[in-house]
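Asks: Fold the following, please.
(one chain, ligands or ions: 2)
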Amino acid sequence: MDTRRWIERFAELVAADADRLTRLDAAIGDGDHGANLNRGLKAAVEALGPDLPPGKVLMTAGRALVSKTGGASGPLYGGALRRAGKALGDAADVDAAALAAALRAALDAVQELGKAVEGDKTMVDALLPAVAAYETAAGDGPATAARAALNAAETGAEATVPLQARKGRASYLGPRSVGHLDPGAASTVLLFRALADAAAEE
Ligand code: ADP
Ligand code: MG
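Replies: Ligands and ions are numbered 1, 2, ... in the order given. As a prediction, the model looks like this:
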């Protein structure tokens, strides 16, 4: 698994979709999610030096995201990638089993930092089912597992629409947060679309 390609593809997809992410955040937040993540991911891609092992790529990208993204999502995505990179260690090759463990570590980091559980209408609603689906399909190889994770992330994100937000800025709206797609869940779908694209290229 080429983690550099994963992060580069995530940056491309967020750049292409930044306006939509920002519109989603304008509906139930402060309208900065697309811009935040786009800025953070540009910095993350720039921070990647040549010949980094896969785990170091994720740790470096995570560090850049924490310092450059801003908003609630910066520390969450950044913490997730740092923890995933740490789980990969110094290994030169990353198979589906190793990536499954790294994704689980990323989810744990997001939940430790943000204290959100499934159903709170956050990125966790896309991330948690995606990680579970990746783990289940890991035996079928990285491309199949990543596609399964993407499907689960999409379903999980869609399921945030009828929910009332219980964490983050959207929770200030109370019942008025109902009927909108959570922007962080939408960007998490892009994280897994990027993973599926990168895995399919190998
Ligand atoms: P901010 O809300 O500070 O403006 P962003 O707009 O960049 O930050 O990101 C908003 C997204 O962050 C939300 O849509 C949600 O998915 C995610 N989020 C916010 N708080 C939490 C939390 N405590 N746990 C998990 N995700 C969260
Ligand atoms: Mg925001």
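
Asks: C-alpha from now on. contacts and neighbour counts both.
Replies: Will do.

Asks: Skip ahead from the lengthiest helix in the chain and say which helix or strand is next.
Replies: Secondary structure assigned by DSSP state H gives helix 3-28 as the longest helix of the chain. The first helix or strand that comes after helix 3-28 along the chain, using DSSP states H and E, is helix 33-47.

Asks: average pLDDT for that following helix?
Replies: This predicted structure assigns helix 33-47 an average pLDDT of 98.

Asks: residue boundaries of the helices in the protein?
Replies: For the chain, applying DSSP H gives helices covering 3-28, 33-47, 54-68, 73-88, 96-114, 124-137, 142-158, 183-200.

Asks: So which of those is nearest R176?
Replies: Taking Cα to Cα as the criterion, helix 3-28 is the member of these that comes nearest to R176, at 8.0 Å.

Asks: ok, R147 to ligand 2 distance?
Replies: R147 sits 28 Å away from ligand 2 when distances are taken as Cα to the ion, to the nearest Å.

Asks: Only the buried residues of the longest helix of the chain, if you could.
Replies: By neighbour count with 16 or more other Cα atoms under 10 Å, helix 3-28 contains the buried residues 3-15, 17-25, 27-28.

Asks: Not counting sequence-adjacent ones, nearest residue to A11?
Replies: Spatial nearest neighbour of A11, excluding adjacent residues (Cα to Cα, 6 or more residues apart in numbering): L41 at 5.2 Å.

Asks: Name the residues of this protein found near ligand 2, please.
Replies: Residues of the chain lying close to ligand 2 (Cα under 5 Å from the ion) are D30, D32, H33.

Asks: which of these come close to ligand 1?
Replies: Checked against ligand 1 using Cα under 6 Å from any ligand atom, the residues of the chain next to ligand 2 give the following subset in range: D30, D32, H33.
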